[in-house]
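Enquirer: give me a 3D structure for the following:
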Amino acid sequence: MRRLLEVLYDGRPEAADDVAAAAKTPFARLAAERPHLVVPAAPDAAAALAAHYHSADLGHIDVMRGSGGVTFDFGAFKSHVASRKNDDGMISFVTVDPGDAGFEFVLGTGATKTLTIRDGQHVYVYQPAT
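Expert: Numbering: from 1, shown residues only. Predicted coordinates:
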């Protein structure tokens, strides 16, 4: 916002470096994460997924398996997913298609294999559906 005001009102370019650093941050995070992802999703991890999931807050996910790997279909969009074994032993599925990359779903460890997604302040749990 500060950079925008500098440009609009001919201010000193003090925020230009902040803008450049902020632009690099998402790419640096993705580059650091890539070596930990298995693309397509590891077959043993994908075998634990149900065919359909539902969240009262977010809707549904249809899990599609094919020769290209596993795809999560959200209705409004769909994305291939990669798998990742986290440091705590949990398995995550991460969307990897351009434009939709980076949504992380953590597979539950109980008898019911839920999928959990988090944002800054919320936790959403998808339950397996029939």
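
Enquirer: which ones are touching T71?
Expert: V63, M64, R65, K78, S79, H80, V81 (Cβ atoms under 8 Å, 6 or more residues apart in numbering). Glycine gets a C-beta too; all of them are placed from N, C-alpha and C.

Enquirer: let me see the contact set for the fifth one.
Expert: To tie it back to what came earlier, the one meant is S79. S79 makes contacts with T71, F72, T95, V96, D97, D100, A101, F103, as judged by Cβ under 8 Å, 6+ apart.

Enquirer: dump the residues you listed into CSV; add secondary structure, pLDDT and distance to V39 as well.
Expert: Below are the contacts of S79 laid out as CSV (DSSP: H, G, I helix; E, B strand; the rest coil; pLDDT from 0 to 100; distance: Cβ to Cβ, whole Å):
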residue, secondary structure, pLDDT, distance to V39
T71, strand, 97, 12
F72, strand, 97, 14
T95, strand, 93, 11
V96, coil, 90, 6
D97, coil, 89, 11
D100, coil, 79, 14
A101, coil, 80, 11
F103, coil, 91, 15
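
Enquirer: quick one: which of those has the most company?
Expert: Comparing the contacts of S79 by number of neighbours (other Cβ atoms under 10 Å), F72 comes first, having 24 neighbours.

Enquirer: just name the shakiest helix or strand of this structure by mean pLDDT.
Expert: Lowest on mean pLDDT, DSSP states H and E among the helices and strands of the chain sits helix 16-33, with a mean of 70.

Enquirer: mind listing the strands for the chain?
Expert: Secondary structure of the chain by DSSP state E: the strands cover 52-55, 59-66, 69-73, 78-85, 91-95, 104-107, 115-118, 123-128.
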